[in-house]
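**Q** here is a sequence with its predicted model. Questions after.
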Amino acid sequence: MPNDTQISKFMSLVLRHAPQDAGLSLGENGWADFGALCAVIQTKFGASAADVLRIVEENPKKRFAVDGDRIRAVQGHSVDVNLGLPPSVPPDILFHGTKEEFLPAILREGLTSQSRQHVHLSKDVETALIVARRRAGKSVILQVDSAAMTKDGVSFFLSDNGVWLTNHVPPRYLTQMLERELP
Ligand code: HQG
C-alpha cells in the first residue's frame, strides 16, 4: 500500500523544486504532464494514477491542481515559474508566521522570498501560526499592512489554495503581534 504522505512530498519536490529528478519539465504556468508524473510514481511507489488523483483531491492544503492531462503545484515553487495568476486586491491585513530567530533580519530587510518565488502570507492568524510551527523554536506572527502596500502600488496574487503571494514586504509594513493577541 503506497504511503500517501510520501507520495505527496515527492509530488511537491518534483512540481515545485526539482522536476528533473523525475525526468520531467515544467511548462507554461508550471504545468507538468500528468501521465508522465504518474508513470514515475508508479515505478517508485507502486501507486496508480487513481491513487495520485485521490492524493490531489484529499491533500489537506490543496497543494496540487489537475487540469485534463496536466498537473501543477499551486504555490511554493523554488524553480522559476510564472503561475499566470492575475493580481488580486488582498484583505487590508495579512499575516506571516515565522521564527523569533529570523526577526532581526526580517526587521532589517523585510520579508524576502528566500528560496521560493514569493513571500507567502496568510489570511488569518491561525493559518500563520500553523506555518510558523512547522519549524522548531519560538513562533512569531507579523501583521502585514497589505492595504498600505496596495495603495503604494504593490501587487498581490492569490494562489488557488488561498495563500497570498507577493514579492517583498519592506519592514515599514510589518508589525509584530504581541503574545496576548495570539489565539
Ligand atoms: C523567513 C508551507 C531571514 C520566513 C507553508 C520563513 C507556507 C526571512 C523562511 C509555505 C526573511 C522561509 C511557505 C529575511 C523571510 N531574513 N528570514 N529577510 N524573510 N524569512 O518555507 O512562509 O506545506 O520559504 O519568515 O504553509 O515559512 O509547503 O516560507 O520562516 O504556505 O504547502 O524565511 O510553505 O506550505 O521559509 O512557508 P519558507 P514560509 P507547504
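**A** Nice, thanks for sending it over. Since the model is a prediction, treat every value here as computed from it, not as a measurement.
**Q** how is this structure carved up into domains?
**A** Annotated domains of the chain cover 4-73, 93-181 [automatic domain parsing].
**Q** now those in CSV, with mean pLDDT, distance to residue 83 and mean neighbour count?
**A** Where C-beta positions appear, they are placed from N, C-alpha and C, glycine not excepted. Rendered in CSV, the data for these read as follows (pLDDT from 0 to 100; distance: least, Cβ to Cβ, whole Å; neighbours: other Cβ atoms under 10 Å):
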stretch, mean pLDDT, distance to residue 83, mean neighbour count
domain 4-73, 96, 6, 16
domain 93-181, 97, 7, 16
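**Q** taking the centroid of the protein, which residue is nearest it?
**A** Most central in the chain under Cα atoms, centre = their mean is residue 76, positioned 3.4 Å from the mean C-alpha point.
**Q** surely that residue is within a helix?
**A** No - Residue 76 is assigned coil when assessed by DSSP: H, G, I helix; E, B strand; the rest coil, not a helix.
**Q** isn't it right up against residue 11?
**A** No - contact criterion Cβ atoms under 8 Å: residue 76 and residue 11 do not qualify, at 11.3 Å.
**Q** mutual contacts of the two, please.
**A** A shared contact of residue 76 and residue 11, defined by Cβ atoms under 8 Å, 6 or more residues apart in numbering, is any residue touching both; here these are residue 63.
**Q** returning to what we had before: okay, the residue nearest to the centre of the chain and the ligand: tell me how far apart.
**A** Separation of residue 76 from the ligand (Cβ to the nearest ligand atom, to the nearest Å) stands at 5 Å.
**Q** do residue 16 as well
**A** Note on residue 16: its distance to the ligand, by Cβ to the nearest ligand atom, is 8 Å.
**Q** nearest residue to the residue nearest to the centre of the chain other than its sequence neighbours?
**A** For residue 76, ignoring the flanking residues on the chain, the nearest one in space by Cβ to Cβ, 6 or more residues apart in numbering is residue 16 at 4.9 Å.
**Q** who's in contact with the one you found?
**A** Contacts of residue 16 (Cβ under 8 Å, 6+ apart): 73, 76-79.
**Q** sec struct for it, please.
**A** Residue 16 carries the three-state label helix when classified by three-state DSSP.
**Q** and if you look at residue 98?
**A** Classification of residue 98 into helix, strand or coil gives strand, according to three-state DSSP.
**Q** equivalent analysis for residue 65, please.
**A** Bear in mind the rule, three-state DSSP; under it residue 65 is strand.
**Q** and it, how far from residue 116?
**A** In this view, residue 65 and residue 116 are 18 Å apart by Cβ to Cβ, to the nearest Å.
**Q** how about the residues of this structure that lie near the ligand?
**A** Residues of the chain lying close to the ligand (Cβ under 6 Å from any ligand atom) are 61, 63, 76, 98-99, 102, 105-106, 109, 111-112, 114-116, 120, 131, 163.
**Q** how does it look with 5 Å?
**A** Taking Cβ under 5 Å from any ligand atom as the criterion, the chain approaches the ligand at residues 63, 76, 98, 102, 105-106, 109, 111-112, 114, 116, 120, 131, 163.
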